[in-house]
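Q: curious how this folds, go ahead:
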Amino acid sequence: MRPCGGSGTDGPDPARPPAPIHPTSRDLSIIGAFVITVDNLSKTFTLHILNEKKIAACRDISFSVPQSGFLGLSGPSGAGKSTVLKCLYRTYLSTSGAIRYNSAAHGRVDLATLPDRAVIDIRDREMGYVSQFLKVIPRVSALDVVMEPILARNGVSRDAARKRAIGLLDRLRIPSHLFDAYPATFSGGEQQRINIARAVSWKPRLLLLDEPTASLDKDSVGVVLEILKELREEGTTMIGIFHDTTLLASVTDSVYHINNFVHPEFVTG
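A: Residues are numbered from 1 along each chain as shown. Below you'll find the model as predicted:
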């Protein structure tokens with residue numbers, strides 16, 4: 001991800017008063033079989049510490065992904081791959097372009113302009129995100145970290161959520177004596193396996209993956225790929241970034257290469 005030095009995390013704030021849910025004014029064309037269609041997506045950051053200079057992190061990104069499809073994003077470091085994922089998840093507000101998403105709860109919406117309240121609802125109900133680092137509330141056990149999204153989203157019993165979480169942690173080779181430990185005390189690879197277990201535990205409609213296997217050993221990578229394959233068979237659509245280009249080509253249906261910005265490109269204004 002390109003350093004931004006200013007207006008980066010400008011997505012929805014749960015503490016902000018909720019905005020009313022209503023259709024966006026942008027033209028939302030028929031997506032058809034595609035779960036998500038991105039049209040000419042661009043993101044520019046303002047560098048406040050450098051006299052308000054602007055840096056184009058990604059520009060004119062366009063792709064579509066069908067249900068159960070898996071699109072890979074490739075490109076050199078700094079090309080804007082993580083920025084694209086964060087725009088899709090609305091951690092970042094895109095500067096221009098459309099992100100047309102077929103929501104099970106809200107119908108066809110443009111995530112680029114959708115009110116914050118609706119974005120948060122879609123995240124809660126339909127979108128999973130595996131970041132490069134595990135970010136959870138401190139002093140919550142690994143088992144509870146994985147159980148929480150199942151209980152919050154699927155409305156299942158605690159016993160059923162516990163069974164699902166334990167099954168995933170076992171498959172991902174987290175020792176049972178660590179289930180009650182805090183993830184902050186784990187190794188980087190163990191934290192990432194918990195991160196993955198949490199994101200896939202509730203079987204989201206759309207799953208975004210930012211280098212999910214970068215810190216994992218070969219055996220763990222194999223287990224993760226098996227789990228992702230099972231999710232796809234159940235209908236989950238995926239967009240992912242993998243450092244290993246051979247792995248990227250083997251697990252995805254197609255690859256979108258981003259090569260516009262190997263070096264920072266400053267724009268005026």
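Q: report how many residues lie close to Lys135.
A: Lys135 is flanked by 9 other residues according to other CB atoms under 10 Å. C-betas here are computed from N, CA, C, even on glycine.
Q: mind telling me what element it is part of?
A: According to DSSP states H and E, Lys135 maps onto no helix or strand at all.
Q: got the phi and psi for it?
A: As for Lys135, its main-chain torsions (degrees, to the nearest 10) stand at phi -130, psi 100.
Q: now Lys53
A: Per degrees, to the nearest 10, the backbone of Lys53 is at phi -60, psi 150.
Q: my read: it touches Phe45, true?
A: No: at 9.3 Å, Lys53 does not count as touching Phe45 under the criterion of CB atoms under 8 Å.
Q: more neighbours: these two, which one.
A: The neighbour comparison of Lys53 against Phe45 (other CB under 10 Å) goes to Phe45, with 22 against 17.
Q: quick check: the more buried one is in a strand.
A: Yes: judged by DSSP: H, G, I helix; E, B strand; the rest coil, Phe45 forms part of a strand.
Q: from Thr83, how far off is it?
A: Plainly put, Phe45 is 9 Å away from Thr83 if you go by CB to CB, to the nearest Å.
Q: and the pLDDT at the closest residue to Ile227 other than its chain neighbours?
A: Excluding its sequence neighbours, the residue lying closest to Ile227 (CB to CB, 6 or more residues apart in numbering) is Val200, at 5.8 Å. Confidence at Val200, expressed as pLDDT, is 97.
Q: phi first, then psi, for Thr83.
A: The phi/psi pair for Thr83 (degrees, to the nearest 10) is phi -60, psi -40.
Q: neighbours of it, how many?
A: Neighbour count for Thr83, taken as other CB under 10 Å: 27.
Q: count of neighbours near the closest residue in space to it that isn't next to it in sequence?
A: The spatially closest residue to Thr83, leaving aside those adjacent along the chain, is Ala57, at 4.3 Å (CB to CB, 6+ apart). Neighbour count for Ala57, taken as other CB under 10 Å: 29.
Q: do the same with the one 10 residues further on
A: When neighbours are defined as other CB under 10 Å, Gln67 has 15 of them.
Q: just Glu126 next, same as before
A: Neighbour number of Glu126 under other CB under 10 Å is 22.
Q: go on, Asp170?
A: If you count neighbours by other CB under 10 Å, Asp170 ends up with 13.
Q: again, but for the one 5 residues further on
A: Using other CB under 10 Å, Pro175 has 10 other residues around it.
Q: quick one: contacts for it?
A: Contacts for Pro175 (CB atoms under 8 Å, 6 or more residues apart in numbering) come out as none.
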